[in-house]
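Colleague: what would the 3D arrangement of this be:
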Amino acid sequence: MIAWSIAAAIGLIALGVVIYNRLIALSQRGENAFSDIDVQLKRRWDLVPALIETVRGYAGHEHEVLAEVVAARGQAMAAEGEQSGAFGRGERETGLALALRDVFVLVEDYPALKADRNFLALHQSLVTIEDDLQHERRYYNAVIRDFNTLRQSFPANLVGAAAGLAPGEFFQIKSEQRAVPVADLAASDFRPGE
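Modeller: Next comes the predicted model:
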């Protein structure tokens, strides 16, 4: 009888260790995935000043739109140092995405800007960054989903609560604000090789 009790206790401890290790592994994968998101966000931040300068060269009198992008970039960068979590960072980055979308709406009124090689290169870089960011966000959210599902499942919920593991936050951007800023460059006067 005592042998069965000892074996059961050892089995429960082993199960607890396995569950704890799985939770920790998912937590670490989530942190790593969020650092990949962070890399893409920083790439976008670094692109904004060049984009603003290029647009300013053609549409310098559009101070309000350009100032909104600069302010949104500053807020997004400030969120990096705060302990606002993934959700808070997503909210700040949404502001920058909206401001960039406004810039690309503005570009539609400037055919010469749409044909500018620097602008075209910056636009393509931004589209690539947005695609990479979407990929990284999906992966991060999938890891957080798996972590949260395991953490809420029995008996992992007991192990997670005992270890003090909080649920992970999703990195979300509101659906109407997810649009990649895209200018209609097909309508420009740009001809390859010019």
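
Colleague: which stretches of this structure form helices?
Modeller: 2-59, 63-81, 85-107, 111-115, 117-152, 156-163 (DSSP state H).

Colleague: name the residues that touch the second one?
Modeller: Pointing back at helix 63-81 there. Contacts to helix 63-81, defined as CB atoms under 8 Å, 6 or more residues apart in numbering, come from residues 38, 41, 45, 48, 51-52, 55-56, 59, 88-89, 91-93, 95-96, 98-100, 102-103, 106. Placement of C-beta: from N, CA and C, glycine included.

Colleague: and A166, what pLDDT?
Modeller: We have a pLDDT of 90 for A166.

Colleague: now swap in Y58 and tell me
Modeller: 80.

Colleague: that one: what's it in contact with?
Modeller: Applying CB under 8 Å, 6+ apart, we find Y58 in contact with Y110, A112, L113, D116.

Colleague: and the gap between it and V18?
Modeller: Using CB to CB, to the nearest Å, we find Y58 at a distance of 61 Å from V18.

Colleague: what do you get for V105?
Modeller: Counting by CB to CB - V105 and V18 are separated by 53 Å.

Colleague: just Y110 next, same as before
Modeller: 60 Å.

Colleague: what about the two, which has more around it?
Modeller: Taking neighbours as other CB atoms under 10 Å, Y110 and V18 compare with Y110 leading, 18 against 12.

Colleague: quick check: pLDDT value at that one.
Modeller: 85.

Colleague: quick one: the residue nearest to it when sequence neighbours are not counted from A161, how far?
Modeller: With CB to CB, 6 or more residues apart in numbering as the criterion, Y110 has its nearest non-adjacent residue at 4.9 Å, and that residue is Y58. Using CB to CB, Y58 is found at 58 Å from A161.
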